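Colleague: give the three-dimensional model of this entry:
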Amino acid sequence: MDMLEDLQTLQFEYGIPEEEHTWLFLQGRSRGLMIEACAHATFFCKLFCILRQSLHENQTSERVSTGSPVACEKLNVGIIGGGHLGKQLARVLLQLVPIPTESLRISTRRPEVLDELQKLGIQCFYQNAYLVNWANVVFLCCLPSQLPNICLEIQSSLEKTCIVYSFVAAIPVPRLKLLLNHTNILRPQYQCADKFVNIWGANKEITAALQDPVIIRATCPYSPAGGITLNTKWLEGVFYAALNICTAKEMSHPRVLHLLSEQFLSVHFEDCDKDRASCPKFQLTDFVSKTYAKNLPLRRPFPWFDLAAVQLKETPFSLHLSKSTALQDHLTHFYCHSFGISLIKDQPEVSTGSPSQ
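Modeller: Numbering: from 1, shown residues only. All right, here's what the predicted structure looks like:
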């Protein structure tokens, strides 16, 4: 409940001259971008928790006959930057993934201002290199001016398998790859429409907003609702990152394809029951060229993919995604399902626009 809701003189807009009211849309856009960023980071972490759990179960079933124990690997998440975005992201990941407090750490120049998060059990300190050496995923929530020095600090401590997820919009992927000397990088890119319907819930906490069905549907990768669209190269990067995780475990590519289909294409629409065989399944040529697929031995894992290159160039998966509306629909359905939201097929959008390719 917002106690100030009916007190107009205490509202943000009250002190702004009428001739400047046209700029208030920037406030809604800023909030929309924050919600989109937190929603996609949450989905990414949910997906990777599911994947790591599935890999653990597969390894356990393989080794149970030999009596060899397999330690369950938790997803360790690090955040560099304790500003507004870093703090909001930490709260969202704690509540909505959920990431246990012992698996979430923050490195910031002023850890003393994060009292609230430290009381929850999150370790907050100023040791960037230590953080990335510990983490499986590192979110960069710093200022562009700070990034070169941070990259210099952490590049020698980054493991090949660590995923660096950057929110630093001013630094493009090629530059970040060069600064980090690292290829396992994800960076979402957002496009804002000139005019949009502000659906982002100005009086809600970010965690509450991400439990609102209208807002969650607006953050779907193929949705233009709310006037903010995610570049779908991010979605490609997420799935190639999933392949890299399986490659690091030396899992054969047929098993990987079965695992991804089982986990991420298993949420169906009601009309799928009539013809389940027509629902999409991942194939080898969805991710690699036909020539490479033809020469890949059956028991071999996928190659290691350069995620920076995946987000900059056309890939087999980008071609497959653009042509298969059934795959787009199933991935959208899985996205909403991961937040506990149902999606009605052919549901109208809140506002119009076009996906950013």
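Colleague: low-scoring stretches of the stretch 51-200 of the chain, by residue?
Modeller: 61-72 (pLDDT under 70).
Colleague: may I ask which helix or strand encompasses the residue nearest to Ile228 when sequence neighbours are not counted?
Modeller: Distance criterion C-beta to C-beta, 6 or more residues apart in numbering; nearest residue to Ile228, sequence neighbours excluded, is Gly32 at 4.9 Å. All C-beta atoms are positioned from the backbone trio N, CA, C, and that covers glycine. Assigned by DSSP states H and E, Gly32 falls within helix 25-63.
Colleague: how far does that helix sit from its chain's centre?
Modeller: Chain-centre distance of helix 25-63: 5 Å, with C-alpha atoms, centre = their mean, to the nearest Å.
Colleague: repeat that for stretch 122-130.
Modeller: Distance, centroid of stretch 122-130 to centroid of chain: 22 Å (C-alpha atoms, centre = their mean).
Colleague: flag every buried residue along it.
Modeller: For stretch 122-130, a neighbour-count test (16 or more other C-beta atoms under 10 Å) marks 122-124, 128-129 as buried.
Colleague: Throw these into JSON lines and include secondary structure and distance to Pro111, thanks.
Modeller: Listed next are the buried residues of stretch 122-130 as JSON lines, based on DSSP: H, G, I helix; E, B strand; the rest coil; distance: C-beta to C-beta, whole Å:
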{"residue": "Ile122", "secondary structure": "coil", "distance to Pro111": "10"}
{"residue": "Gln123", "secondary structure": "strand", "distance to Pro111": "9"}
{"residue": "Cys124", "secondary structure": "strand", "distance to Pro111": "4"}
{"residue": "Asn128", "secondary structure": "helix", "distance to Pro111": "12"}
{"residue": "Ala129", "secondary structure": "helix", "distance to Pro111": "15"}
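Colleague: ok, Gln328 touching Cys220?
Modeller: No. Counting by C-beta atoms under 8 Å, Gln328 does not reach Cys220; the two are 9.8 Å apart.
Colleague: the more surrounded of the two?
Modeller: Cys220 (23 against 19; other C-beta atoms under 10 Å).
Colleague: helix/strand/coil for the more buried one?
Modeller: coil (DSSP: H, G, I helix; E, B strand; the rest coil).
Colleague: just the one 3 residues further on next, same as before
Modeller: Secondary structure assignment for Ser223 (three-state DSSP): coil.
Colleague: so it touches Ile215, yeah?
Modeller: No. Judged on C-beta under 8 Å, Ser223 makes no contact with Ile215 at a distance of 10.6 Å.
Colleague: and the two? which has more neighbours close in?
Modeller: Ile215 (25 against 22).
Colleague: the more buried one and Glu205 touch, don't they?
Modeller: No. The criterion here is C-beta under 8 Å, and Ile215 misses it with Glu205 at 12.0 Å.
Colleague: ok, now which ones touch Cys336?
Modeller: The contact partners of Cys336, taken as C-beta atoms under 8 Å, 6 or more residues apart in numbering, are 216-217, 220, 342-343.
Colleague: and Ile80, how far from Ile171?
Modeller: 13 Å (C-beta to C-beta, to the nearest Å).
Colleague: so for those two, which sits in the more crowded spot?
Modeller: Set Ile80 next to Ile171 and count neighbours by other C-beta under 10 Å: Ile80 wins out with 27 against 18.
Colleague: ok, that one touching Gln127?
Modeller: No. Assessed by C-beta under 8 Å, Ile80 is found out of contact with Gln127, at 10.3 Å.
Colleague: common neighbours of these two, please.
Modeller: Contacts common to Ile80 and Gln127, judged by C-beta under 8 Å, 6+ apart, are Ser107.
Colleague: please, where are all the strands along the protein?
Modeller: All strands of the chain, identified by DSSP state E, fall at 77-80, 104-107, 123-125, 137-140, 163-166, 185-186, 190-192, 228-230.
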